[in-house]
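Participant: Pasting the sequence and the predicted coordinates here, then a few questions.
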Amino acid sequence: GAVVSQHPSWVICKSGTSVKIECRSLDFQATTMFWYRQFPKQSLMLMATSNEGSKATYEQGVEKDKFLINHASLTLSTLTVTSAHPEDSSFYICSAVDRAYRTYEQYFGPGTRLTVT
Amino acid sequence: AQKITQTQPGMFVQEKEAVTLDCTYDTSDQSYGLFWYKQPSSGEMIFLIYQGSYDEQNATEGRYSLNFQKARKSANLVISASQLGDSAMYFCAMREKGYSTLTFGKGTMLLVSP
């Protein structure tokens, strides 16, 4: 099956610093990747859609200058949380679509747990 | 209005019994897809089953089956012969208009007891 990796799996950073999270599709090409945020005991909320070679599309209410997304290749998208604050602490999950399949199933990465102190 | 509604915040079931997790959806599209994902405490999202709006038969994947009632706009997940490892959060999701984003429900926490 298609595999998506995320790195790091967890990170602790100080308030005001920036953190970069990588999302990679390991055995397929993903022209589109999605970034979600999930707070404890809540559902996944879509933050942005990342398209290879173009600017990301952000959902309403998501600050694009704070959450920088880069999708420079068909297998890699990065999310950078700039000037992180404690309220940015959350579980960040990426997913990638393998367009070879009819269902356009999204394959999810294992997630990154961010804690801002 | 919510596009995906999961009315059961939590469900309890005994090992080896069957359990149904409810999901209703709202869309005006004729072409859409419905998904169920399992999220254990580790956080990873595990794809379980998919049902396309034009699929005439209910989807099945091993112990998972999807009870698709199009007229009622419901897509309930049935887990047969529950196992302790089935304890997790379960999310119903919908994809509209072909290739696009997923909209998730709020989830149902399933606890399987011995």
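Facilitator: Okay, I see it.

Participant: which parts of chain A sit against chain B?
Facilitator: Within reach of chain B by CB under 8 Å from any CB of the partner chain, chain A has these residues: A:32, A:34, A:38, A:42-44, A:46, A:49, A:91, A:93, A:95, A:97, A:99, A:103-111, A:113. Heads up, the C-betas are built off the backbone N, CA and C, glycines and all.

Participant: In strands only, show me those.
Facilitator: Of the positions in these, A:32, A:34, A:38, A:46, A:49, A:91, A:93, A:95, A:97, A:106-108, A:113 sit in strands, assigned by DSSP state E.

Participant: what does chain B have sitting close to chain A?
Facilitator: Selection of chain B residues close to chain A by CB under 8 Å from any CB yields B:33, B:35, B:37, B:42-47, B:50, B:52, B:91, B:95, B:98-99, B:101-107.

Participant: taking those residues one by one, which sit in strands?
Facilitator: In this view, the residues of chain B next to chain A that belong to strands under DSSP E are B:33, B:35, B:37, B:46-47, B:50, B:52, B:91, B:95, B:102-104.

Participant: Can you tell me which helices and strands the lowest-mean-pLDDT helix or strand in chain A packs against?
Facilitator: Sorting the helices and strands of chain A by mean pLDDT, DSSP states H and E puts strand A:106-108 at the bottom, at a mean of 89. Contact here means 3 or more CB pairs under 8 Å, 6 or more residues apart in numbering or on different chains; DSSP states H and E; on that basis strand A:106-108 packs against strand A:90-97, strand B:46-52.

Participant: show me the contacts for whichever residue of chain B sits closest to chain A.
Facilitator: Nearest to chain A, among the residues of chain B, is residue B:45, at 3.7 Å (CB to the nearest CB). Contacts for residue B:45 (CB atoms under 8 Å, 6 or more residues apart in numbering or on different chains) come out as A:44, A:93, A:95, A:108, A:111, B:37-39, B:91.

Participant: In the sheet, which residues pair with the spatially closest residue to it that is not a sequence neighbour? Tell me.
Facilitator: Leaving aside its sequence neighbours, residue B:45 sits nearest to residue A:108 (CB to CB, 6 or more residues apart in numbering or on different chains; 3.7 Å). Note on residue A:108: beta-bridge partners by DSSP bridges are residue A:95.

Participant: what's the neighbour count on residue A:108?
Facilitator: Neighbourhood size, residue A:108 [other CB atoms under 10 Å in any protein chain shown]: 24.
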